[in-house]
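1. Here is my input, please return the structure:
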Amino acid sequence: MKHMLTAAALALLAMPANAAPLCDDLGFAGLLAKCNRGDEIKVTLASGQPLGEGPITLQSGAYYEMEITADGSAELALTGPEFFRAIWMDEIVINEIEIRPMAIDSFEFDDAGTAEFSFIAIKPGRYHMLIPGTSGDSQRLEFIIQ
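-> Reported below is the predicted structural model:
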């Protein structure tokens with residue numbers, strides 16, 4: 001028992017310091033407050049084109065919006081189940097229809113279009129989203145949640 005307590009204490013000391021939200025006073029909106037919003041993330045799905053520039057650094061506890069745009073050049077998906085489980089998803093908006101999911105594994109675009117989703121980064125770590133079946137670095141985005 002003594003060894004388990006020592007190991008737990010050492011693990012806590014080895015963890016990075018908890019990141020605070022982006023603003024000091026969150027007010028009534030809490031984590032969804034306007035002052036707690038990070039930069040918008042833009043992702044492009046196009047045949048043979050890079051998804052975006054990365055790695056993308058996120059702060060745990062901060063609110064983000066991501067816009068995924070497909071140009072329709074191919075039927076493409078974007079998957080990242082580990083990333084999607086490290087965030088709390090507020091909503092997904094497709095064609096002005098708002099969806100409030102519990103969890104997702106991927107987005108798939110059969111034609112050109114845009115999907116937007118908003119989330120709060122939660123679990124620190126390194127995650128990625130990628131086009132399934134690809135192996136190139138430009139076909140994946142790395143996210144670092146601090």
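2. how about the strands of the chain, start to end?
-> 41-45, 56-58, 63-70, 76-79, 87-94, 97-99, 106-109, 113-121, 125-130, 140-145 (DSSP state E).
3. now the fifth one, how far from the chain's geometric center?
-> Translated: strand 87-94. 10 Å (CA atoms, centre = their mean, to the nearest Å).
4. Just the buried residues of it, please?
-> 87, 89-90, 92 (16 or more other CB atoms under 10 Å). Yep, even glycine has a C-beta here, placed from its N, CA and C like the rest.
5. what's it in contact with?
-> 32, 63, 98-101, 103-104, 113-123, 145 (CB atoms under 8 Å, 6 or more residues apart in numbering).
6. can you put the strands of the chain in TSV and add mean pLDDT?
-> TSV is the format used below for the strands of the chain (pLDDT from 0 to 100):
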stretch	mean pLDDT
strand 41-45	93
strand 56-58	95
strand 63-70	94
strand 76-79	93
strand 87-94	94
strand 97-99	94
strand 106-109	93
strand 113-121	94
strand 125-130	95
strand 140-145	95
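7. returning to what we had before: just the buried residues of the contacts of strand 87-94.
-> With neighbours counted by 16+ other CB under 10 Å, these contain buried members at 63, 115, 117-121, 145.
8. With distance to G54 as extra columns, can I get these in JSON lines?
-> Listed next are the buried ones among the contacts of strand 87-94 as JSON lines, based on distance: CB to CB, whole Å:
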{"residue": "Y63", "distance to G54": "20"}
{"residue": "A115", "distance to G54": "19"}
{"residue": "F117", "distance to G54": "17"}
{"residue": "S118", "distance to G54": "19"}
{"residue": "F119", "distance to G54": "17"}
{"residue": "I120", "distance to G54": "20"}
{"residue": "A121", "distance to G54": "15"}
{"residue": "I145", "distance to G54": "13"}
